[in-house]
Structures are given as structure tokens and as C-alpha cells.
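Participant: no FASTA, just this:
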Ligand code: 5GP
């Protein structure tokens, strides 16, 4: 019988570098990862690709998907909906893949209530100053949105205690190495 995979919840304040670290983790085939592409009502950034980074939809479409119970979790974040399509995650887990969800804290809480054997990892910046400079460096949003994201980060950081693991993103190499070790241990423990 095919061994089932597990869910990996990967959270951390906006701008902390989750995307870059995910890309690096996917280079390790032995981690057997599948990426859950979320649905969002946020505007697409110029460097983003539909279906790869997100499924970009309008609010009525998103609300319909909620009504049809097609999401594993969803949340509103700085004025937009974000959610995880349920069927893809469950199918991939059945196929033995370890499905990585890059989601914020409210959604993570919903998933942990439903799927108790998920692994949860919270990525933190070395400092809030460093986080601000990383968000500013992205230059993708107006100042008001940037301020809202920073305020959200201050709210989210204390919730790191709800996660199995906390990793500091000092450098991409170090954070990737730490998360890879965590995942290798989880894979080994589930055999
Ligand atoms: P961004 O707009 O920067 O891409 O994402 C904003 C926040 O939403 C990030 O913390 C990101 O991890 C989170 N996020 C992305 N997809 C989902 C999702 O499907 N569900 C939830 N709850 N949060 C998500």
C-alpha cells in the first residue's frame, strides 16, 4: 500500500522570505514535496504567474468556493481572501507527497484543528527592522498596505508558540538547512 504523505504548514510574517525558502526546499527531491497553490483575491504582482504562485480570482468566485466547501482553510489578510484548495492537498497526501502550505496564522490554526498530524514551522526575521527593510525592498505595494503588513507582522509573531518549530531566517542557506533537517526527521519518524 502507498504510504501517505503529510501536511507541512509554513507560516511567518509577510516579507520574511517564505517564498525564497520554499523554492530552495523544492530542489531536494528526497523531501517529496508538493506545493499547494492557494487561491486569492489579491491583485497579481508583476512577477507572479497565475496557477504557479496563486489562482487569482474575484471575490464572488472566492465566496462561491467557500460556500461549496472546497477549501481546507481560508482567511482574510490585509483586505483580501486567501485559501487552500482542499482536493489537491488530500489527493497529493494520498499519493505519498508531503504537501507544503505557505499560509498565515489564522488559516494555520484552522488546518491544525482538522489535521492534527500536520507539521508546523514558523519562520521569523532576525528583527522587525530587518523585516521592514525586506518588505520595502519588494517595492510592490503602496505605503498604506506596507504599514498594514507590518502591523500584521507584529500581531503574528507572538503566535509562533503555536507551531512545532520556529526557524530564524538569518540567511537563506541556514534557514533552508534547518528546515530540511526538520523535514528529514519528520519523514524518518513516520516510517
Ligand atoms: P502575500 O500577499 O504576501 O502573497 O500573502 C499574504 C499572506 O497570506 C502571507 O502570510 C501568506 O503566507 C498568506 N497566504 C498565502 N496563501 C494562503 C492561503 O491559502 N491561506 C492562508 N490562510 N494564508 C495564505
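Facilitator: Sure, I can see it. What you see is a predicted model, and the numbers here were worked out from it, not measured in a lab.
Participant: Show me which positions of the helix or strand of the chain with the lowest mean pLDDT end up buried.
Facilitator: Within the chain, no helix or strand scores below helix 128-138, which has a mean of 88 by mean pLDDT, DSSP states H and E. For helix 128-138, the neighbour count (16 or more other CB atoms under 10 Å) marks 131, 132, 134, 135 as buried. From N, CA and C alone the C-beta is placed, and that goes for glycine too.
Participant: Run through who's touching the helix or strand harbouring residue 73.
Facilitator: Using DSSP states H and E, residue 73 sits within strand 71-77. Strand 71-77 is contacted by residues 14, 39, 62, 65-66, 81-86, 89-90, 101, 103-104, 106-108, 110-111, 114, 152 when judged by CB atoms under 8 Å, 6 or more residues apart in numbering.
Participant: what lines up beside it in the sheet?
Facilitator: Strands adjacent to strand 71-77 in the sheet, as given by DSSP bridges, are strand 80-85 (antiparallel).
Participant: The following helix or strand past the partner strand and the ligand in contact?
Facilitator: Per DSSP H and E, the first helix or strand lying C-terminal to strand 80-85 is helix 86-94. No. Counting by CB under 6 Å from any ligand atom, the ligand has no neighbours in helix 86-94; the shortest distance is 10.3 Å.
Participant: and if you look at stretch 134-142?
Facilitator: No. Under the criterion of CB under 6 Å from any ligand atom, stretch 134-142 makes no contact with the ligand; the nearest approach is 8.8 Å.
Participant: Straight-line length of that stretch, end to end?
Facilitator: Start-to-end span of stretch 134-142 (CA to CA, to the nearest Å) is 14 Å.
Participant: buried set for the one helix or strand residue 150 maps to?
Facilitator: Assessed by DSSP H and E, residue 150 sits inside helix 143-156. Neighbour counts over helix 143-156 (16+ other CB under 10 Å) mark 146, 148, 149, 150, 152, 153, 156 as buried.
Participant: now stretch 119-129
Facilitator: With burial defined by 16+ other CB under 10 Å, the residues of stretch 119-129 counted as buried are 119, 120, 121, 122, 123, 124, 125.
Participant: Any figure for the gap between the first one and residue 104?
Facilitator: With distances defined as CB to CB, to the nearest Å, the gap from residue 119 to residue 104 amounts to 17 Å.
Participant: what's the answer for the last one, then?
Facilitator: The span separating residue 125 from residue 104 equals 15 Å under the rule CB to CB.
Participant: same question, the fifth one
Facilitator: Taking CB to CB as the measure, residue 123 falls 12 Å from residue 104.
Participant: Common neighbours of those two, please.
Facilitator: Jointly contacting residue 123 and residue 104 under the rule CB under 8 Å, 6+ apart are residue 11.
Participant: interface residues of this protein facing the ligand?
Facilitator: Residues of the chain found near the ligand (CB under 6 Å from any ligand atom) are 14, 18, 38, 42, 73-75, 77, 82-84, 102-104, 106-107.
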